[in-house]
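Undergrad: give me a model of this one.
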Amino acid sequence: MAQSETVIIGKKKYTATALTVRQVRDIMQRIENKDYKPGLIDLLFEDGLPEPAFYISLGIKEADIDELVPEQVKELMEAVAKVNPSYAGMEKRMSANIANLEKLQEQLRSLSKIAST
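TA: Numbers count the residues shown, from 1 in each chain. From the prediction side, this is the model:
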């Protein structure tokens, strides 16, 4: 696994770095907080890493990407995922589990409606 991945967009150089276990834990606590509101990065990339992971890995702030187009931001997200493959895999598994849970809940609601009639 690479410890960093550099992406050059225009004249600007962005370097995605591997997140530590502590950083991953902090990110998870932050996004699991009921007050967490998904940001633009979360909304742009359904299968991407959470916004806090994106910014921490790149060592940038939201304003640092204001002039980029979404496809350029996607390049950065891919670099972050490339240097954090275990974390990226965990996020995909967690997303799949949530999607399956939501389907199960919908099925239970449907069964409940049938049973009550």
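Undergrad: CA only for contacts and neighbour counts going forward, please
TA: Will do.
Undergrad: name the residues of the helix or strand where Ala16 lies that are buried.
TA: For Ala16, the host element (DSSP states H and E) is strand 12-17. By neighbour count on 16 or more other Cα atoms under 10 Å, the buried set for strand 12-17 is 14-17.
Undergrad: now it: average pLDDT?
TA: The average of the pLDDT scores along strand 12-17 is 97.
Undergrad: which of the three states applies to the residue nearest the centre of the chain?
TA: Using Cα atoms, centre = their mean, the residue of the chain that lies closest to the mean C-alpha position is Leu49, 1.9 Å off. Following DSSP: H, G, I helix; E, B strand; the rest coil, the label given to Leu49 is coil.
Undergrad: where's Val80, which helix or strand?
TA: Val80 is part of helix 70-83 when elements are defined by DSSP H and E.
Undergrad: make a markdown table out of the buried residues of strand 12-17 and add distance to Asp26.
TA: What follows is the buried residues of strand 12-17, written out as a markdown table (distance: Cα to Cα, whole Å):
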| residue | distance to Asp26 |
| --- | --- |
| Tyr14 | 23 |
| Thr15 | 21 |
| Ala16 | 18 |
| Thr17 | 16 |
